[in-house]
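S.K.: The following comprises the amino acid sequence and a computationally predicted model.
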Amino acid sequence: MGWNSWDCYGTTVTEAEVLANAEFMAEHMLHAGWDTVVVDIQWYEPTARAGGYNDSPPVELDGYGRQVPAVNRFPSAAAGAGFGPLADAVHALGLKLGVHVMRGIPRRAVELDLPVLGTSSTARDVADTSSVCSWNPDNYGLDHSHPGAQAYYDSQVAQLVAWGVDLIKADDMLAPYHDAEIAAYARAIERAVASPARGGRPVVLSLSPGTHLSTAHLPHLRENATMWRVSDDLWDRWEDVRAQFTRMARWAPHQRPGAWADADMLPLGRIGIRAERGEDRPSRLTGDEQRTLLTLWCVSRSPLMMGGDLPTTDPGTIAMLTHRDLIELLQHSTDGQEVLREGDLVVWTARGTSGGADGARYVAVFWTGDEPTTVRLPASSVGLPTVPGSRGTELWTGDDVTTTPAQGPTTSQAELVLDVPAHGVRLVRADHPGTTSQH
């Protein structure tokens with residue numbers, strides 16, 4: 001659970017903006033579990049601009065071809081300090097620091113033929129110049145038949161870890177699926193974390209972008225990564241949110257601690273300040289669409305990465321992000337799964353596992369249609385008692401919910417009746433599914 005600079009600042013985020021978001025998170029969101037701030041792409045590019053990438057960017061490197069923060073944007077990185085001072089400041093707030101990297105080795109390192117630390121090889125020796133990212137000009141892939149390729153990743157990750165980085169978002173890894181690159185990066189993290197200086201503190205490996213990612217890769221992903229995207233970039237468009245229903249229905253049954261399918265960032269609050277797409281704006285998703293997004297991400301147990309600028313995001317969005325019952329569903333539930341899909345109706349269920357939700361039954365009733373509707377569901381189809389009178393709470397509104405006798409000639413069976421808004425959701429928690437009302 002954290003914040004990522006991409007949706008609001010694109011390639012151009014500054015140290016001051018990262019710290020402002022970290023300070024806001026520590027004060028207003030840490031209590032609810034939000035604990036990570038991530039500096040996204042091109043923190044090493046001094047001429048980065050909003051809305052795209054420069055050709056042949058003059059990326060800043062050390063003498064071994066490893067990216068270092070652009071000092072004009074991250075002034076505390078001067079004199080070779082790297083992200084160390086920023087990590088110290090973030091850690092002092094009780095938070096963790098994440099950074100983005102591209103797959104492979106910088107093209108500029110290859111042009112300069114810089115040495116690979118600890119080897120007799122150079123960047124030209126280890127680069128695979130035929131392997132390039134289709135949308136970003138920064139790097140070449142690595143030739144993993146050459147031992148210097150692993151050594152380069154080892155040195156890059158060792159430097160990030162020495163700075164105090166807690167999460168690495170490795171991009172251009174999954175589409176197409178670069179199994180050798182992923183395994184090499186995971187190996188580099190394992191080696192760096194084992195160093196005495198790290199003290200055993202783990203590093204999260206997050207893989208992107210996830211376009212057309214297949215569950216056939218699940219064993220390899222679980223072995224090498226902590227979290228992985230299951231889609232291309234998601235923005236504040238209803239069609240993007242709606243498309244995630246199918247993907248998360250496919251991935252949710254496989255969720256487990258330490259190996260999480262990631263439905264992508266939350267394009268909520270104030271986004272587009274200097275981003276890749278669109279102008280400075282509040283999220284274009286309606287309130288109901290935002291509640292749908294958050295409910296789907298939590299019932300499917302996706303990681304949560306907020307994309308909007310926290311200090312300038314409206315208080316209502318912050319309240320949604322720190323909603324106690326929603327976070328309880330995310331952190332303390334199991335068996336989240338889609339149990340019904342008929343036309344515009346999608347229903348998910350999950351079971352509470354601890355705390356106040358121990359033994360609870362969650363029912364998320366989504367309506368993806370363009371007009372509001374009334375949904376009637378047999379109680380038995382969502383794991384509720386078949387006798388009318390089972391009680392629960394609709395978590396977004398706080399309203400009491402009670403199952404009622406089904407309509408028709410047989411009224412002994414219970415049904416759940418809910419009014420659901422367009423593109424909206426009703427999230428019901430039945431704390432004691434076996435109980436019934438007394439009237």
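M.R.: In hand now; what should we look at?

S.K.: switch to C-alpha atoms for all contacts and neighbour counts from now on
M.R.: OK.

S.K.: Thought Pro282 was touching Leu268, still the case?
M.R.: Yes: Leu268 is within contact range of Pro282, at 7.3 Å (criterion: Cα atoms under 8 Å).

S.K.: Which of these two has more residues huddled nearby?
M.R.: A direct count of neighbours by other Cα atoms under 10 Å for Leu268 and Pro282 places Leu268 higher, at 28 against 19.

S.K.: ok, the more buried one - contacts?
M.R.: Counting by Cα atoms under 8 Å, 6 or more residues apart in numbering, Leu268 touches 236, 282-283, 285, 290, 306-308, 317.

S.K.: In the chain, which strand is the longest?
M.R.: Longest strand in the chain, counting residues (DSSP state E): strand 333-342.

S.K.: What helices and strands are in contact with that one?
M.R.: With contacts taken as 3 or more Cα pairs under 8 Å, 6 or more residues apart in numbering; DSSP states H and E, strand 333-342 sits against helix 287-299, strand 345-352.

S.K.: what's the very next helix or strand once past the last one packed up against?
M.R.: Elements were assigned by DSSP states H and E; along the chain past strand 345-352, the next helix or strand is strand 361-367. Other helices and strands packing on strand 361-367, by 3+ Cα pairs under 8 Å, 6+ apart, are helix 287-299, strand 345-352, strand 414-420, strand 424-430.

S.K.: deepest of these, which one?
M.R.: strand 424-430 (a mean of 26; mean count of other Cα atoms under 10 Å).

S.K.: Can you give the distance of that one from its chain's centre?
M.R.: Centre-to-centre, strand 424-430 and its host chain are 23 Å apart (Cα atoms, centre = their mean, to the nearest Å).

S.K.: The one helix or strand Arg250 maps to packs against which elements?
M.R.: Element membership of Arg250, judged by DSSP H and E, is helix 238-251. Applying 3+ Cα pairs under 8 Å, 6+ apart, we find helix 238-251 packed against helix 287-299.

S.K.: Just the residues contacting the helix it packs on, thanks.
M.R.: So helix 287-299 is contacted by 238, 241, 245, 263, 268, 303-304, 320, 326-327, 329-330, 333, 336-337, 348-350, 364, 366, 421-425, 427 (Cα under 8 Å, 6+ apart).

S.K.: list the helices and strands the longest helix belonging to the chain packs on?
M.R.: If you go by DSSP state H, the chain has its longest helix at helix 147-163. Helix 147-163 sits against helix 84-92, helix 123-126, helix 179-193, with contacts defined as 3+ Cα pairs under 8 Å, 6+ apart.

S.K.: which of those helices sits most buried?
M.R.: Stretch with highest mean neighbour count among the helices and strands packed on helix 147-163: helix 123-126 (a mean of 22; mean count of other Cα under 10 Å).

S.K.: partners of the helix or strand following that one, with directions?
M.R.: The helix or strand immediately downstream of helix 123-126 is strand 127-132, counting by DSSP H and E. Under the criterion DSSP bridges, strand 127-132 sits next to strand 139-142 (antiparallel) in its sheet.

S.K.: Now do the partner strand, average pLDDT.
M.R.: For strand 139-142, the mean per-residue pLDDT is 98.

S.K.: what do you get for stretch 246-260?
M.R.: Mean per-residue pLDDT for stretch 246-260: 98.

S.K.: Now the closest residue to Arg222 other than its chain neighbours: phi and psi?
M.R.: Excluding the flanking residues, the one nearest Arg222 by Cα to Cα, 6 or more residues apart in numbering is Ala259, at 5.4 Å. Torsion angles at Ala259 (phi, psi; degrees, to the nearest 10) stand at phi -150, psi 90.

S.K.: related to what we said a few turns ago, switch the helices and strands packed on strand 333-342 over to TSV; also include distance to Val401 and mean pLDDT.
M.R.: Below are the helices and strands packed on strand 333-342 laid out as TSV (distance: least, Cα to Cα, whole Å; pLDDT from 0 to 100):
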stretch	distance to Val401	mean pLDDT
helix 287-299	18	98
strand 345-352	16	97
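
S.K.: among the contacts of helix 287-299, which ones are buried?
M.R.: Among those, those scoring as buried are 238, 241, 245, 263, 268, 303-304, 326-327, 329-330, 333, 336-337, 348-350, 364, 366, 421-425, 427 (criterion: 16 or more other Cα atoms under 10 Å).

S.K.: residues contacting the nearest residue to Thr312 once chain neighbours are set aside?
M.R.: What sits nearest to Thr312 in space, not counting adjacent residues and going by Cα to Cα, 6+ apart, is Arg270, at 6.5 Å. The neighbours of Arg270, taking Cα under 8 Å, 6+ apart as the test, are 8, 280-283, 308-310, 312-314.

S.K.: same check, this time on Tyr362
M.R.: Going by Cα under 8 Å, 6+ apart, Tyr362 touches 349-352, 427-430.

S.K.: Any idea what it is bridged to?
M.R.: Ala350, Arg429.

S.K.: before we move on, back to that, report the angle between the axes of the next helix or strand after the longest helix of the chain and helix 147-163?
M.R.: Per DSSP H and E, the first helix or strand lying C-terminal to helix 147-163 is strand 167-171. Orientation check (axes from the mean of the first three to the mean of the last three Cα atoms, to 10 degrees): strand 167-171 against helix 147-163 gives 140 degrees.

S.K.: so what's the backbone phi/psi at Met173?
M.R.: Per-residue torsions, Met173: phi -100, psi -30 (degrees, to the nearest 10).

S.K.: Touching, it and Thr211? I think so.
M.R.: No: Met173 lies out of contact with Thr211 (Cα under 8 Å); the separation is 10.3 Å.

S.K.: Which one's more surrounded, the two?
M.R.: Using other Cα under 10 Å as the criterion, Met173 and Thr211 rank with Met173 on top: 23 against 15.

S.K.: where in the chain is pLDDT low?
M.R.: In the predicted model, the chain carries pLDDT under 70 at residues 355-358, 409-412, 432-439.

S.K.: Domains of it: list them as residue ranges, please.
M.R.: Taking automatic domain parsing as the reference, the chain has its domains at 2-322, 338-430.

S.K.: coming back round to it: and the helices and strands packed on strand 361-367 as TSV, adding distance to Thr373?
M.R.: Formatted as TSV, the helices and strands packed on strand 361-367 follow (distance: least, Cα to Cα, whole Å):
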stretch	distance to Thr373
helix 287-299	13
strand 345-352	10
strand 414-420	6
strand 424-430	10
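
S.K.: Count the residues that sit near Val13.
M.R.: 24.

S.K.: ok, it - contacts?
M.R.: Going by Cα under 8 Å, 6+ apart, Val13 touches 5, 39-40, 43, 73.

S.K.: Nearest to Thr386, out of these: which one, please.
M.R.: Ser5 (47.6 Å; Cα to Cα).
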